[in-house]
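Participant: generate coordinates for the sequence data below:
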Amino acid sequence: MSKVDLRLDWCSYEAAKYAVEHWHYSRSMPTPPVVKIGVWESGIFIGVVLFSRGANNNLGKPYKLDFLQVCELTRVALNSHISSVSRIVSIAIKMLKRNAPKLRLIVSFADANENHLGIIYQAGNWIYTGRSNSTPKYIAPNGQILHQRQVSKIGYKPQYGTMRKVPKSGDCEIIPQLDKYRYLYPLDDAMRRQIEPLRKPYPKRDTRGLGETDNAPDTNQETGGASPTNPL
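Facilitator: Take a look at the predicted model:
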C-alpha cells in the first residue's frame with residue numbers, strides 16, 4: 001500500500017458542518033465557539049476534528065481550571081479513511097495547543113448510548129477517569145430529539161444571552177441515557193501530574209459480563225466515541 005498524504009488544516013464552518021451532517025451520528029454542530037480542523041488524504045477532504053467548550057459550563061471546575069484553560073473534543077467526523085483516527089486526533093491536538101497556548105486540558109466523552117467505548121483515546125494514552133453522570137434527552141412533539149438544555153419546565157430558557165421559547169419538558173417524551181466514558185488529555189506536565197491520580201483502568205469489552213464494559217457486541221465497529229469511522 002502506498003503511503004497516504006495526510007494533511008490537517010483549519011477549515012471553514014461550512015466544511016465542518018458538511019462533515020458533521022454527513023459523517024457524524026449527531027448530525028449537529030456543537031455550540032460555538034468551535035475550533036475547526038479539517039482533514040485531507042491525498043488532497044481529498046475526509047472530515048473534521050472539532051474542539052469547543054462543550055455543553056457543560058463547569059467543565060474545568062473539577063480540575064480548578066477556568067474556561068480558557070480547558071476545552072472538549074466534541075466531534076471527530078470522518079468519511080472513509082486510511083490514516084488511524086488516533087494519529088489524526090494527535091495532530092489536531094498539536095495544532096490546537098500551538099494556537100491556544102493557555103489551554104491545559106482536553107476532555108472528551110465516549111458515548112455508550114452509541115455503543116462507543118473510547119478506543120481512540122486509549123490508543124492515544126488519554127487518562128480514563130470513569131463515567132459521567134448522564135442527562136436524559138427528549139423527543140419534542142414535532143419528533144425532534146433535544147438535549148436537556150433545549151427544553152424547560154416553563155417553555156422558555158436563556159440561550160446566548162437571550163430568553164427564547166423552547167419546548168416544555170412536560171410535553172416531551174423522555175429518553176433515558178447511559179453514562180458516558182470520560183477521558184482527559186493533559187497539555188502540560190503539571191496538569192498530567194495533577195490528574196494522573198484520577199486514572200482508572202481502561203474499560204474493555206467483556207462477553208462474559210465481567211468488569212466495566214459498554215453494551216456493544218465484539219463485532220461493533222468501535223469508533224472511539226466521536227465518529228462513525230472504522231476501528232483502529
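
Participant: buried residues, stretch 128-141. List them.
Facilitator: For stretch 128-141, a neighbour-count test (16 or more other C-beta atoms under 10 Å) marks 128-129, 131, 137-138, 140 as buried. For every residue, glycine as well, the C-beta is placed using N, CA and C.

Participant: name the nearest of the residues you listed relative to residue 201.
Facilitator: Distance to residue 201 across the buried residues of stretch 128-141 (C-beta to C-beta) is lowest for residue 128, with 7.5 Å.

Participant: is it fair to say the closest one lies in a strand?
Facilitator: Yes: assessed by DSSP: H, G, I helix; E, B strand; the rest coil, residue 128 belongs to a strand.

Participant: identify the residues contacting it.
Facilitator: Counting by C-beta atoms under 8 Å, 6 or more residues apart in numbering, residue 128 makes contact with 118, 121-122, 181-184, 199-203.

Participant: domains for the chain, by residue range?
Facilitator: Using automatic domain parsing, the domain ranges for the chain come out as 1-133+179-232, 135-176.

Participant: deepest of the ones you listed, which one?
Facilitator: Ranked by mean neighbour count, those are led by domain 1-133+179-232 with a mean of 17 (mean count of other C-beta atoms under 10 Å).

Participant: wait, residue 147 sits on residue 136?
Facilitator: No: if you go by C-beta atoms under 8 Å, residue 147 and residue 136 don't touch, sitting 9.1 Å apart.

Participant: show residues contacting the helix or strand residue 8 falls within.
Facilitator: Element membership of residue 8, judged by DSSP states H and E, is strand 6-10. Strand 6-10 is touched from outside by 36-41, 49, 83, 87-88, 91-92, 95, with contacts defined as C-beta under 8 Å, 6+ apart.

Participant: ok, the residues you listed vs residue 21, which is closest?
Facilitator: The closest of the contacts of strand 6-10, once distances to residue 21 are taken by C-beta to C-beta, is residue 36, at 13.8 Å.

Participant: quick one: secondary structure of the closest one?
Facilitator: Going by three-state DSSP: residue 36 is strand.

Participant: circling back: so which of the contacts of strand 6-10 belong to helices?
Facilitator: Using DSSP state H, the subset of the contacts of strand 6-10 located in helices is 87-88, 91-92, 95.

Participant: from the contact counts, what lies against the worst-scoring helix or strand of the chain on mean pLDDT?
Facilitator: The weakest-scoring helix or strand in the chain, judged by mean pLDDT, DSSP states H and E, is strand 156-159 (a mean of 78). Contact partners of strand 156-159 among helices and strands, from 3 or more C-beta pairs under 8 Å, 6 or more residues apart in numbering; DSSP states H and E: strand 162-165.

Participant: pLDDT value on the spatially most central residue of the chain, please?
Facilitator: What sits nearest the mean C-alpha location of the chain, by C-alpha atoms, centre = their mean, is residue 74, with 3.2 Å. If you check residue 74, the pLDDT there is 96.

Participant: my guess is it contacts residue 33, does it?
Facilitator: No: using C-beta under 8 Å, residue 74 makes no contact with residue 33, being 11.3 Å away.

Participant: mind listing the shared neighbours of the two?
Facilitator: With C-beta under 8 Å, 6+ apart, residue 74 and residue 33 have common neighbours residue 52.

Participant: and the pLDDT for residue 102?
Facilitator: pLDDT, residue 102: 95.

Participant: circling back: what is the nearest of the buried residues of stretch 128-141 to residue 62?
Facilitator: For these, the nearest to residue 62 is residue 129 (9.0 Å; C-beta to C-beta).

Participant: how about that closest one, what does it touch?
Facilitator: Here residue 129 is in contact with 182-184, 195, 198-200 (C-beta under 8 Å, 6+ apart).
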